[in-house]
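A.B. asks: Would you be able to build a 3D model of this:
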Amino acid sequence: MMEDLMQSDTITECSLVFLIGPSGSGKSVIAGALSNAQNWNVYDTDMIIEEKQQVSILKIFERFGESHFRDLEADI
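C.D. replies: A predicted model of the protein is given here:
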């Protein structure tokens, strides 16, 4: 099914696609595959947060808690 989706002409009509799911569920893998197949840009919120905060997501959770991390996510 994923291969059919990535090769579909109708998917190119999308302007934004959001992948939502629990940690380790494969969002980044799917985003990479869609990006390669459809020549789309990928924006990984975790990577954006790490770059802006100059610290890993793990450290943000340890130092400030999940609530702070979710606030950072919402700001993106």
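A.B. asks: Can you list the low-confidence ranges for this protein?
C.D. replies: Applying pLDDT under 70 to the chain flags residues 1-14.
A.B. asks: where exactly do the helices run in it?
C.D. replies: 2-7, 27-38, 45-53, 57-64, 66-75 (DSSP state H).
A.B. asks: Can you say which of those is nearest to residue 16?
C.D. replies: helix 27-38 (11.9 Å; C-beta to C-beta). All C-beta spots, glycine's among them, are computed from the backbone N, C-alpha and C.
A.B. asks: Enumerate every residue touching the residue nearest to residue 61 when sequence neighbours are not counted.
C.D. replies: Nearest non-adjacent residue to residue 61, counting by C-beta to C-beta, 6 or more residues apart in numbering: residue 69, 5.9 Å away. Residue 69 sits next to 49, 57, 60-61 when contact means C-beta atoms under 8 Å, 6 or more residues apart in numbering.
A.B. asks: measure residue 69 to residue 33 for me?
C.D. replies: Here residue 69 is placed at a distance of 26 Å from residue 33 (C-beta to C-beta, to the nearest Å).
A.B. asks: Understood, closing this out.
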